[in-house]
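# Sharing a model prediction with you, sequence too.
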Amino acid sequence: MTQVATRSAAAPAVAGPAPRFKRGREAAVGWLFVAPFVVLLVAFLLLPMAYALKLSLYRSTLIEGEHFAFFENYTQAFNDPLVREGVVRVILFGLVQTPVMIGVALLAALLIDHATSRFSRFFRLAAFVPYAVPVVIGTLMWGFLYSKDTGPLSAVLHVDFLSSNVVLASLGNVVTWQWAGYNMIVLYAALQGLPREVYESARIDGAGPAQIAWRIKTPMISSAIVLATLFTILGTLQFFTEPLILQPLNPGSITAHYTPNVYAFNQAFSFQQYNYSAAISFLLGAVVFVGSYVFLFATRKRSAL
């Protein structure tokens, strides 16, 4: 009996290292699967950002060469009227573009979710196709349509879509066409996860399709709407490709400082002001972070994000 008791007492001490070894092996396997993503993240995001941050803290002149300037580039960017003009234009663009984008995406998602015919899959694919087109190709296509000399839209409607009074709306149309399908898929996926019994109860109570869509479906996917809106805000504040591609068609309307990203690009690759360009980029990153945080703080009661 004494030997049995001794063996029973000693058994946990012998079996203890095995679970720890198993957990360690599982953790190693997990890190092995995560390693490719970590390597890509460090190589293509963190290291370039660290190098850009270093550039933003230095200044390069012909007389003094490259020297540590601390926040001089940021002070210059903050006081640069061209940077402020671009930031104001982008914020104005976002205030108009974001509700339009989310409204179009939500309407399309609700209509496709309501449709039960065999054509619903076709409409879903048709709405998503513009997102599958590369941004540069889509912008070039719209540039041809907008062209004052050869564009069919300008010839039929007799409107210069790239004039200074209309160009921001024209760019907004390109962005909506390009990205509304992506937001629609996000919202449609959220609608597909809702319980159908709620709709049946609403129909029994006398609710029509419009009431179900507005009073039941929309509130129940508020988290997905907040997520899509956040993606849209991030995209509009980083407005770059569309104005850069369309700029040669009308440089007078789409200037070299039209948006902060375009201004930073031209400062770096047209005037070789890499340090100042990096400071503008990080300053814009701060604006994006603050704008995203303010939006999430304002919608914290409606979303679980």
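Structure's in. What do you need?

# Tell me the confidence at S223?
The confidence metric pLDDT takes the value 91 at S223.

# what do you get for A304?
50.

# Please apply the same query to S117.
Listed pLDDT for S117 reads 61.

# Go through stretch 81-99 and flag the buried ones.
Within stretch 81-99, the residues that qualify as buried by neighbour count (16 or more other Cβ atoms under 10 Å) are 82-83, 85-87, 89-90, 93-94, 97-98. Placement of C-beta: from N, CA and C, glycine included.

# Equivalent analysis for stretch 65-77, please.
Neighbour counts using 16+ other Cβ under 10 Å place 69, 72-74, 76-77 of stretch 65-77 among the buried residues.

# Identify the farthest-apart pair in those residues.
Using Cβ to Cβ, the pair of the buried residues of stretch 65-77 lying farthest apart is A69 and A77, separated by 12.1 Å.

# Surely S56 touches F282?
Yes - here S56 reaches F282: they are 5.5 Å apart, a contact under Cβ atoms under 8 Å.

# Neighbour count for the two, which is higher?
For S56 and F282, the more surrounded residue by other Cβ atoms under 10 Å is S56, and the numbers stand at 24 against 19.

# Tell me where this structure has strands.
When secondary structure is read from DSSP state E, the chain shows strands at 58-61, 65-68.

# And stretch 219-230, what's buried?
Applying 16+ other Cβ under 10 Å to stretch 219-230 flags 221, 224-230 as buried.

# Where does pLDDT dip in the chain?
Low-confidence segments of the chain, defined by pLDDT under 70: 1-19, 21, 116-118, 301-305.

# Can you pull the domain assignment for it?
The chain resolves into domains spanning 13-56, 72-298 when parsed by automatic domain parsing.

# how about those domains, which one is nearest I63?
Ranking these by distance to I63, with Cβ to Cβ as the measure, places domain 72-298 first at 15.2 Å.

# From the chain's centroid, how far away is the closest one?
Centroid displacement of domain 72-298 relative to its chain, using Cα atoms, centre = their mean, to the nearest Å, is 9 Å.
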